[in-house]
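Trainee: this is a predicted model, with the sequence first.
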Amino acid sequence: MPRPPCRTDPRWLEQARQDLDFTTALRGHPFRFRTTWGLFSPRDVDAGSRLLLDHLEVRPADRAFDLGCGYGPLGLAIARDAPQGGCLMVDKDFVAVEYARRNATLNHIDNVEVMLSDGFRHVGARAFDLVVSNLPAKTTKEHYYLFFHEACERLAPGGRFYVVVISGLRQFVARAFGEVFGNHEKVKQGRDYTVAMARREG
């Protein structure tokens, strides 16, 4: 078997600059994704996102919001299961937004909108039935609380907010959801990740 080129070899550099490309199944549907180095989990959909998608309720007419969409696995899978609704996908990384748009086209999903936004800041006055996020593990509790309050404010009455976090944060999420939403449900706890959900009451 030939040895792979050294990382100082121009052939390796040229190869590393090419898009990554993989196929996978999400919520029972086939998907193809193009990604690049520097995006989160570029070679395959991460285990946390898969756990969330496996335990997420999506209704056909849901107006959904994917907070921190990356290259798009959550939002695109949700949009495919919400043909009468759709998904707004946002990220603060312009490269992620570019690849999420490409992947929507690649998978022939047209009931999505992808835009650059720091959380909900640039979204305008919209209401959602479903908000999802694979929350970053390395940020501050103040940042989490901002996300939670903004999600609660943007949800329609009865709307659902699902997150997946590393399991070490599950108790914090339970407490914060109780404070912000007045409720909390642990949907699924795995060895490494936990899926939690809160509803906007009223």
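Mentor: On my side now, so go ahead.
Trainee: now do the residue nearest to residue 116 when sequence neighbours are not counted, the pLDDT please.
Mentor: In space, and not counting its chain neighbours, residue 116 is closest to residue 97: 5.0 Å by C-beta to C-beta, 6 or more residues apart in numbering. For glycine as for every other residue, the C-beta is placed from the backbone atoms N, C-alpha and C. pLDDT recorded at residue 97 is 98.
Trainee: what's near enough to touch residue 97?
Mentor: 69, 90-91, 114-116 (C-beta atoms under 8 Å, 6 or more residues apart in numbering).
Trainee: same check on residue 194?
Mentor: 164-167, 169-170, 173, 186, 188.
Trainee: in PyMOL, how would I pick out whichever of the contacts of residue 97 are buried, leaving the exposed ones unselected?
Mentor: Command for PyMOL, covering only those of these found buried under the criterion 16 or more other C-beta atoms under 10 Å:
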select buried, resi 69+90+91+114
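Trainee: which one of the contacts of residue 97 is nearest residue 153?
Mentor: Using C-beta to C-beta, residue 90 comes nearest to residue 153 of those, at 15.4 Å.
Trainee: quick check: the closest one touching residue 72?
Mentor: No - contact criterion C-beta atoms under 8 Å: residue 90 and residue 72 do not qualify, at 11.1 Å.
Trainee: list residues touching both of those two?
Mentor: 66, 114.
Trainee: now the helices for this structure?
Mentor: With DSSP state H, the ranges of helices along the chain come out as 10-16, 47-54, 73-80, 94-106, 141-154, 170-180.
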